[in-house]
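Participant: I would like to see how this sequence folds:
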Amino acid sequence: MQTFFLAVGLILLVNAFVCLFRAIAGPTLPDRIVAVNIVGTKTTVILVLIAYIFAQHMYIDTAFVYALLNFVVTVAVARYLETGGLPSA
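Facilitator: This next block holds a predicted model:
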């Protein structure tokens, strides 16, 4: 079963690099933002797979924090693109 999860992790890693290429060479800015968000999501899934394979629960906590930061940054960038600036607190 661990071999299967290692194979899935490697496939996700290769796919993340393909998305990273799309983030660099994307035709429009929203395409690049979506590609970076996909890379962040794949990184979260890979961290959870690593946590399961090596039985280290610390990586799951790290994955949760990384997913939360990925979401907050995506919302902030989308708001910045929509309004032209971030609100001042």
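Participant: excluding chain neighbours, what is closest to residue 62?
Facilitator: With sequence-adjacent residues excluded and distances taken as Cβ to Cβ, 6 or more residues apart in numbering, residue 62 is closest to residue 47, at 5.9 Å. From N, CA and C alone the C-beta is placed, and that goes for glycine too.
Participant: mind listing what that neighbour touches?
Facilitator: Listed by Cβ atoms under 8 Å, 6 or more residues apart in numbering, the contact partners of residue 47 are 59-60, 62-63, 66.
Participant: that one sits in which helix or strand?
Facilitator: For residue 47, the host element (DSSP states H and E) is helix 29-54.
Participant: just give me how far that helix sits from the chain centre.
Facilitator: Average the C-alpha atoms of helix 29-54, do the same for its chain, and the two points are 3 Å apart (Cα atoms, centre = their mean, to the nearest Å).
Participant: in that helix, what counts as buried?
Facilitator: Across helix 29-54, burial judged by 16 or more other Cβ atoms under 10 Å covers 32-44, 46-52.
Participant: for the record, mean pLDDT for that helix?
Facilitator: Averaging pLDDT along helix 29-54 yields 89.
Participant: mind giving me the packing neighbours of the next helix or strand along the chain from that helix?
Facilitator: The C-terminal neighbour of helix 29-54 among helices and strands, as given by DSSP H and E, is helix 58-83. For helix 58-83, the helices and strands in contact under the criterion 3 or more Cβ pairs under 8 Å, 6 or more residues apart in numbering; DSSP states H and E are helix 29-54.
Participant: having no further points to raise, I will conclude here.
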